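Chemist: Here is my input, please return the structure:
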Amino acid sequence: MVETPRETWITGIGIVSCLGEGPDAHWQALDAGKANVESAAFAPYIIHPLTPVNFDTQIPKKGDQRQMEPWQRIGTYAAGLALDSAGAKGKAELLGRMDMIVAAGGGERDLSADSGILSGLPKASQHERFLNERLMGDLRPTLFLAQLSNLLAGNISIVHGVTGSSRTFMGEEGAGADSVRIAFARIRSGQSDIALVGGAQNSERKEMLLLYEFAQYNLTKEFRPVWARHAHPGFALGSMGAFLVLESRSHAEGRGAKPLARLAGVVNARSDRKPGDVAATLGRLWDEIAPARGKGGAVISGATGVEPATSEERTFLGAHPEFAVRATGTHIGHGVEPQFAMNIALAAIAVQRGALFASQDATGFERAADGALEQAVVTGVGHWRGEGLALVEKID
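Modeler: All right, here's what the predicted structure looks like:
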C-alpha cells in the first residue's frame, strides 16, 4: 500500500566546489570560514574556482572524459559521488529504475572559433557568406552535440548506468528549484521511489562572464561577503557540482539505506520582481512549507548579492529572527542552476550534525545559532527570476 503522502529522505549527497569535495570537506571549510576566491585570472571579475579534482575516480574512461565539456565532467563526477554516498553505485537493478532530473545551462563556447569569426567579419567583403562559411568549417558536429543541455543526463546514464526516466530543465536558478521540487513531488505521490537530482556549473568561462556583464551582474574588483555588497552589488560565479539521491522512506528502509536528512517540503515561484515582490513571494512560500516554530532553526540562503533581490530577501529574513541565517554564496560563489541542490546538501549536512557552521558576516546579520539544529530552510532567490524554498529536517 502506497503511503499518502510518502516521506522523502535524502540518502545520498555528491558535492564538489571551490571548498573541496564531499560533506566532510565542505563542513570543515565552511566552519573555518573559508571562501576560496580568484580575482586575478578573470580580472576585474571575481570567481570561485573548482578545487582540483581527479575525474578518473568517477569517470574512469578517458574517452568519456574527452567528449564532455568541463561542466559535464563536473556534474558526472558529482553524480557519482552521490550514488556512492547512497550505496547505489554499480547496482544495476536499482540504477535501472532510478529517475533523474538535471538542471542545466547551455553548452560552452569554442572561444578560438568565436574570436576568429569576430576578428574576420569586419574585414570580409560579404559578411553573410563569410559567417556561413566559417560556421560550417569551424564548428565541429561533435562540439555542437556536446553543447546540448541534456548531454549531462546522457553522460550520467552512460558512465554510471542511471537509466530510469530522465528530465533536463533549463532556466537558471528556477530550473534548479523546479528539478528538486518535481523529484520531491514524484516521490511523495508514489510516482517514483528513488531519484537522482542536481546540476553543475563551470564558472571559469570568459563567455559566461561576458554574458552576465551585459546586465552588470558580476561582482568586480573587490571581494565582499554577500550581505556586504549593497553599495557594490553582484555575484561571484562559482564552479560546482551538486547531486542528491532522494528516496521514499519505505524504499530506503527496504534496501537498508540510512537517511542523511528528511526533505519535508519544496516550493517555488516566479514573481514579476516589482518592488516588494521578492519579500511577498518568500512570505507565501514560507507559509506553504511551514517550518516548525520553536525548533532550533536556520536558513541556508542562496542570496546572490545582486540587487534589489538580495536586500529584499534580507528584509524578509529579518522578520524571522528565530532562524539563524548563513549565505553560502560568500563561501562557494553562485552556481546558478546547481545552487539550490548544493544548498539543500549543505542544509542536510548541518542538520545531520545538529549544528550550524560559523558565520563570517561582518555586518551582524548572521547571528549565532541557538541550541541544537533540527531544521533548516533553504532559500533560492534568482538574480533575475525564480524563487524557491525547501525545508530540511533532522531524522532522529
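Chemist: Please make it C-alpha for all contacts and neighbour counts, starting now.
Modeler: OK.
Chemist: burial of Thr363, as a residue count?
Modeler: Neighbour count for Thr363, taken as other CA atoms under 10 Å: 11.
Chemist: Give me the pLDDT for it.
Modeler: Predicted confidence (pLDDT) for Thr363: 93.
Chemist: how about it, what does it touch?
Modeler: Listed by CA atoms under 8 Å, 6 or more residues apart in numbering, the contact partners of Thr363 are 227-228.
Chemist: wait, is it part of a strand?
Modeler: No: counting by DSSP: H, G, I helix; E, B strand; the rest coil, Thr363 falls outside a strand, being coil.
Chemist: can you tell me which helix or strand the residue of the chain most remote from its centre belongs to?
Modeler: Here the centre of the chain is the reference, and by CA atoms, centre = their mean the most remote residue is Ser125, at 45.7 Å. Secondary structure assigned from DSSP states H and E places Ser125 in neither a helix nor a strand.
Chemist: Quick one, grab the pLDDT at it.
Modeler: On the pLDDT scale, Ser125 gets 90.
Chemist: Now do the buried residues in stretch 37-56.
Modeler: 37-39, 45-50, 55 (16 or more other CA atoms under 10 Å).
Chemist: how near is the residue farthest from the centre of the chain to Leu131?
Modeler: With distances taken as CA to CA, to the nearest Å, Ser125 is found 11 Å from Leu131.
Chemist: What is the burial count for Ala369?
Modeler: Neighbour tally, Ala369, other CA under 10 Å: 20.
Chemist: so it sits in a helix?
Modeler: No: Ala369 sits outside any helix when classified using three-state DSSP, being coil.
Chemist: Skipping its backbone neighbours, what lies nearest it in space?
Modeler: Distances taken as CA to CA, 6 or more residues apart in numbering put Ala324 closest to Ala369, at 5.4 Å, once the chain neighbours are dropped.
Chemist: and the one you found, that one's in a strand?
Modeler: Yes: counting by three-state DSSP, Ala324 is part of a strand.
Chemist: Please name the residues that touch it.
Modeler: 297-299, 366-370.
Chemist: Could you dump those residues into CSV and include distance to Val180 and pLDDT?
Modeler: Shown next, in CSV, are the contacts of Ala324 (distance: CA to CA, whole Å; pLDDT from 0 to 100):
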residue, distance to Val180, pLDDT
Gly297, 21, 91
Ala298, 20, 96
Val299, 18, 97
Glu366, 26, 95
Arg367, 28, 92
Ala368, 29, 89
Ala369, 27, 87
Asp370, 29, 84
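Chemist: Just the buried subset of those, please.
Modeler: Applying 16+ other CA under 10 Å to the contacts of Ala324 flags 297-299, 366-369 as buried.
Chemist: Tell me how this structure divides into domains.
Modeler: 8-108+147-393, 111-143 (automatic domain parsing).
Chemist: Mean neighbour count, these: which tops it?
Modeler: A comparison of those by mean neighbour count, using mean count of other CA atoms under 10 Å, puts domain 8-108+147-393 on top with a mean of 21.
Chemist: Could you work out the end-to-end span of that domain for me?
Modeler: 11 Å.
Chemist: now that domain: how far from the chain's centre is it?
Modeler: From the chain centre to the centre of domain 8-108+147-393 is a distance of 3 Å (CA atoms, centre = their mean, to the nearest Å).
Chemist: What backbone torsions are found at Val230?
Modeler: To be clear, residue 230 is His; Val isn't right here. phi -60, psi -40 (degrees, to the nearest 10).
Chemist: That one contacts Glu307, doesn't it?
Modeler: Yes: shown here, His230 and Glu307 form a contact pair, counting by CA atoms under 8 Å, at 7.1 Å.
Chemist: which neighbours do these two share?
Modeler: Residues within reach of His230 and of Glu307 at once, by CA under 8 Å, 6+ apart: there are none.
Chemist: contact partners of stretch 222-232?
Modeler: Here stretch 222-232 has contacts from 37, 39, 46, 219, 303-305, 307, 310-311, 327, 329-330, 361-363, 365, using CA under 8 Å, 6+ apart.
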